[in-house]
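**Student:** Starting from these lines, generate the structure:
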Amino acid sequence: MDTDVRDRRDALLTRRQVEALCCLSTSSIYRFMRDGLFPEPIRVGRRAVRWHASEIEAWLASRPRATGDRPAA
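**Tutor:** Residues are numbered from 1 along each chain as shown. A predicted model of the protein is given here:
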């Protein structure tokens, strides 16, 4: 099976859901995206975007702990 194929059950998250999960503001999310530090959303409508939950979960797991420990690569 191709590893690039997403699990069909992967939920799509709204901006507000992403903000709540990541504890980030809208401007921080878009600044991180601009800098290549945050997953890009997919367009689902003319004025609507969504993020794959698996990509947000992976991003959160990659963040350093508050104690300064780095997550295992």
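
**Student:** and the longest strand for this structure?
**Tutor:** strand 49-52 (DSSP state E).

**Student:** buried residues in it?
**Tutor:** Residues of strand 49-52 classed as buried under the neighbour-count rule (16 or more other CB atoms under 10 Å) are 50-52. The way it works is simple: take the backbone N, C-alpha and C, and place the C-beta from them, glycine included.

**Student:** measure the residue sitting nearest the centre point of the chain to T67 for me?
**Tutor:** Central residue of the chain (CA atoms, centre = their mean): I56, 2.8 Å from the mean position. The gap separating I56 from T67 is 22 Å, by CB to CB, to the nearest Å.

**Student:** At which residues are the helices of this protein located?
**Tutor:** According to DSSP state H, the chain carries its helices in the segments 15-22, 26-34, 53-62.

**Student:** what's the angle from the last one to helix 26-34?
**Tutor:** Relative orientation of helix 53-62 with respect to helix 26-34: 90 degrees, computed using axes from the mean of the first three to the mean of the last three CA atoms, to 10 degrees.

**Student:** Tell me which other helices or strands helix 53-62 touches.
**Tutor:** strand 12-13, helix 15-22 (3 or more CB pairs under 8 Å, 6 or more residues apart in numbering; DSSP states H and E).

**Student:** now do the second one
**Tutor:** Under the contact criterion of 3+ CB pairs under 8 Å, 6+ apart, the helices and strands touching helix 26-34 comprise helix 15-22.

**Student:** And the helix it packs on, what's buried?
**Tutor:** So, applying 16+ other CB under 10 Å, buried residues of helix 15-22: 18, 22.

**Student:** contact partners of that helix?
**Tutor:** Helix 15-22 has contacts (CB atoms under 8 Å, 6 or more residues apart in numbering) with 13, 24-26, 29, 41, 49, 51, 56, 59-60.

**Student:** please redo it, this time with the cut-off set to 7 Å
**Tutor:** 25-26, 29, 51, 56, 60 (CB atoms under 7 Å, 6 or more residues apart in numbering).
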